[in-house]
Structures are given as structure tokens and as C-alpha cells.
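Show me how the following folds:
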Amino acid sequence: MDKERSAIINIGGDEYELLLTTKATKEIAGRYGGLENLGDKLMKSENFEMAIGEIVWLITLLANQSILVHNLKNKENKRKLLLSNTNLKKVATVNKVTVNLIQKLLSTLSTRKLATNH
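Numbering: from 1, shown residues only. Next up is the predicted model:
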């Protein structure tokens, strides 16, 4: 995978590759109105539980992108998609490193978007 658009995280002993795709970007834009609004929503959240819920949703979305790519390439060995309300409950212990990885991925995409718009 493209290292500028992906990052590996470890949650509860399981590794997940977070991959920022066009599909994921569209879902993020649909939920927040744009990538720039996502950062604001997470960092300015007054409700920690809500912020964790949004981070779980985002991790699930980005992790599922690499699973979808895997499933396209490996039709005989498909993996199950992650569900934010079941598979990643252990994300309640999300640390600052994970948030920083997500911010880095979003920043990279935002920079590329600005460069292509000019």
C-alpha cells in the first residue's frame, strides 16, 4: 500500500492497516462536511465519549479500506469487515499516537487536495 496514505496500528494485539482512499474521503466528507471539519470536531469536542466514538468510527472506516482492497485481490481468502460497534470496542483505550496517525493521514490528503486544486 501507499505509505503516504496508510499507517499500521496495533489495537489489543491485532494489527490493522489504516488506508485513506477516495471512498473513505467521501464518507468522511459526508459525515463532517470535509476533512478540515473532522479535525475540528475531534479536537474541540467537549464530550470525550463522543470523541472516542468518532475515533472508533474513523479507525473502522480506514481499516476497512485495506480489508476491501485485500478482498478484491483475494477472492478465495476474504476477510470480514470490521464493525465499529463490535470489533473495535477495545479502542476505548485509543492513545494519542493513534490520533496523531489519523491526523497525519488527513493532513497528507488535505495537502494533496490543495495542490491539485491550484
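
Per-residue pLDDT of residue 49, please?
On the pLDDT scale, residue 49 is placed at 67.

quick one, what contacts residue 68?
23, 81 (C-beta atoms under 8 Å, 6 or more residues apart in numbering). Using the backbone N, CA and C atoms, a C-beta is placed for each residue, glycine as well.

so how far is residue 17 from it?
11 Å (C-beta to C-beta, to the nearest Å).

what do you get for residue 34?
Applying C-beta to C-beta to residue 34 and residue 17 gives a distance of 24 Å.

Same check on residue 57?
Residue 57 sits 17 Å away from residue 17, going by C-beta to C-beta.

Residue 8 now?
Taking C-beta to C-beta as the measure, residue 8 falls 5 Å from residue 17.

quick one, which of the two is more surrounded?
Taking other C-beta atoms under 10 Å, residue 8 and residue 17 do not tie; residue 17 has more neighbours (16 against 12).

Check which helix or strand the more buried one maps to.
Assigned by DSSP states H and E, residue 17 belongs to strand 14-19.

got it, and residue 7?
Assigned by DSSP H and E, residue 7 belongs to strand 6-11.

Confirm residue 51 sits in a helix?
Yes: when DSSP: H, G, I helix; E, B strand; the rest coil is applied, residue 51 is found to be in a helix.
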